[in-house]
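Student: my questions are about this predicted structure, shown below with the sequence.
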Amino acid sequence: MKYAFPDNFWWGSASSALQTEGTREGETTWDYWFAREPNRFHNGVGPQHTSTFYQHWKTDIQLLKQLNHNSFRTSISWARLIPDGIGEVNPDAVDFYNQVIDELNEQGITPFITLFHFDMPMAMQEIGGWENRDVVDAYARYAQICFELFGDRVLHWFTFNEPIVPVEGGYLYDFHYPNVVDFRRAATVAYHTVLAHAKAVQAYRAGHYAGEIGIVLNLTPSYPRSQNPADVKAAHVADLMFNRSFLDPVLRGEYPADLVALLKSYDQLPACKPEDGFLIAEGKIDLLGINYYQPRRVKCRDSAVNPQSPFMPEWFFDSYEMPGRKMNPYRGWEIYAPGIYDILINLRDNYGNPRCFISENGMGVENEQRFIENGQINDQYRIDFISEHLTWLHKGISEECNCLGYHMWTFIDNWSWCNAYKNRYGFIQLDLETQQRTIKKSGEWFAATALNNSFD
Ligand code: BGP
């Protein structure tokens, strides 16, 4: 069967500044953390080891073109543009981003720009990061500067990439700096991120720019272990905490009442100001980016909560290993392509069918060199992964879901948070030593699919 996509469908991939650009003047939490604890990163390879997009942007944009991308998402590095987060703008950074944006547009590749992709300037973290409302204001100023500098040529902006991840990683589960485990502080960080998002949207609207503004959320459909009411309730709570804590404010302009009531009943609500509700209502978006990797399988807690342990989402539910689920054999993540369809149907039926696109989907694979045949990585598993997801995406679109494109994670093998180069995701293989770039079989397949706007 042939799967054809709507005209002007966005075909492309996503990446981020810190994972690709290479060293810069302004320090981020990642640079600081790596220098302090190099062994936390795979093989001690830190964020200074990248595909050096800062030097190779021209070659890489040529490669994007070869892959028939009509769009590409990357981020601006706050710490590159404003090294101390709040002071002077670095003119070299302005030149760099101007060149990249102009070259993308010239090559017919629409730039999609994220303002914050996990890379907090260290100077901002030193004053409390997202726990401090001054950082919310500093971010809003940074966003406004970006709109003023680049808003005439960038028509698709995203305030944050996966804002729940720094909350989980930095304040609940200890896999991002500052390695705090404290639910109340996590809730404050999440809340202030929503305020920061809303302030950036306000600034964008006030400037009357020609484009649109949105956010990128990693939506993880929460499936209960059974239809038993306790499991269904557990999945509902997981959905509130990990999806709707951001989805509802940005699409409905308010928090889900159930989430507020739940946190209130445990005395875990962050401190609010009376004017916050108005601000959050102003943060409604034009376009939603959806990152989808895997679903969340949830069951009600099988054992009682230990009252000595800190208050955590695990007070309400456990994750569940569904027997027979399909796993990525090269990395322990579940592969469940219908999840992409379920996300779109939920948006259609419960959120007014917003303009959206898949902003990340991808398959990380360890030690991909073992699949080299005649000098090229033959990643048929990745082609199968993409086509399976595209089939479900196509079904969603045929049922009126307002999904406008599909971006893969990622363009070129890149440095990853905590895992460095262990799991490779790219359409293009990167030799870190020589910086040589070689298109994988999946890159050729994607180029043909984008060109034809369809696949068989
Ligand atoms: C997403 C991030 C990306 C990227 C990807 C792959 O959550 O937006 O930045 O890293 O996941 O995950 P990982 O790098 O952990 O394998």
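Tutor: Okay, I see it. Residues are numbered from 1 along each chain as shown.
Student: N70 against N105, yeah?
Tutor: No - the pair N70 / N105 is not scored as a contact, 11.6 Å apart, by CB atoms under 8 Å. Bear in mind the C-beta positions are built from the backbone N, C-alpha and C, glycine included.
Student: how close does the residue in the chain that the ligand sits nearest to sit to Y406?
Tutor: With CB to the nearest ligand atom as the measure, S416 is the residue of the chain nearest to the ligand, at 3.1 Å. In this view, S416 and Y406 are 21 Å apart by CB to CB, to the nearest Å.
Student: so for these two, which residue has more residues nearby?
Tutor: Y406 (26 against 20; other CB atoms under 10 Å).
Student: what secondary structure does the more buried one sit in?
Tutor: strand (DSSP: H, G, I helix; E, B strand; the rest coil).
Student: that one pairs with what?
Tutor: W11, I358 (DSSP bridges).
Student: how about F147, what does it touch?
Tutor: By CB atoms under 8 Å, 6 or more residues apart in numbering, F147 lies in contact with 157, 203-204, 207, 209.
Student: name the element it belongs to?
Tutor: Using DSSP states H and E, F147 sits within helix 133-150.
Student: quick one: mean pLDDT for that helix?
Tutor: Mean per-residue pLDDT for helix 133-150: 99.
Student: so whatever helix or strand comes next after that helix, near the ligand or not?
Tutor: Downstream of helix 133-150, the first helix or strand assigned by DSSP H and E is strand 156-161. Yes - on the criterion CB under 6 Å from any ligand atom, strand 156-161 is in touch with the ligand at N161.
Student: strand 156-161: partners in the sheet, and parallel or antiparallel?
Tutor: strand 110-114 (parallel), strand 212-218 (parallel).
Student: what lines up beside the helix or strand just after the longest one in the sheet?
Tutor: Read it as strand 212-218. Using DSSP H and E, the helix or strand that follows strand 212-218 in sequence is strand 222-224. Using DSSP bridges, the strands paired with strand 222-224 in its sheet are strand 296-300 (parallel).
Student: near the ligand, which residues of the protein?
Tutor: Looking at the ligand, the residues of the chain close enough under CB under 6 Å from any ligand atom are 16, 19, 161-162, 165, 218, 291, 360, 364, 409, 416-417, 419, 423.
Student: low-confidence ranges in the stretch 251-400 of the chain?
Tutor: Across the stretch 251-400 of the chain, nothing is flagged by pLDDT under 70.
Student: okay if I get the strands paired with strand 156-161 as CSV plus distance to K440?
Tutor: As requested, these are arranged in CSV below (distance: least, CB to CB, whole Å):
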stretch, distance to K440
strand 110-114, 23
strand 212-218, 24
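Student: any chance of those in CSV, with mean pLDDT too?
Tutor: As requested, these are exported to CSV (pLDDT from 0 to 100):
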stretch, mean pLDDT
strand 110-114, 99
strand 212-218, 99
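Student: may I see the ones you listed organised as CSV, with mean neighbour count added?
Tutor: Formatted as CSV, the strands paired with strand 156-161 follow (neighbours: other CB atoms under 10 Å):
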stretch, mean neighbour count
strand 110-114, 24
strand 212-218, 24
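Student: so which of these gets nearest N328?
Tutor: Evaluated over the strands paired with strand 156-161, closeness to N328 peaks at strand 212-218, with 16.3 Å, by CB to CB.
Student: secondary structure element for the nearest residue to L269 once chain neighbours are set aside?
Tutor: Closest residue in space to L269, ignoring its immediate chain neighbours: L263 at 4.8 Å, by CB to CB, 6 or more residues apart in numbering. Secondary structure from DSSP H and E places L263 in helix 257-265.
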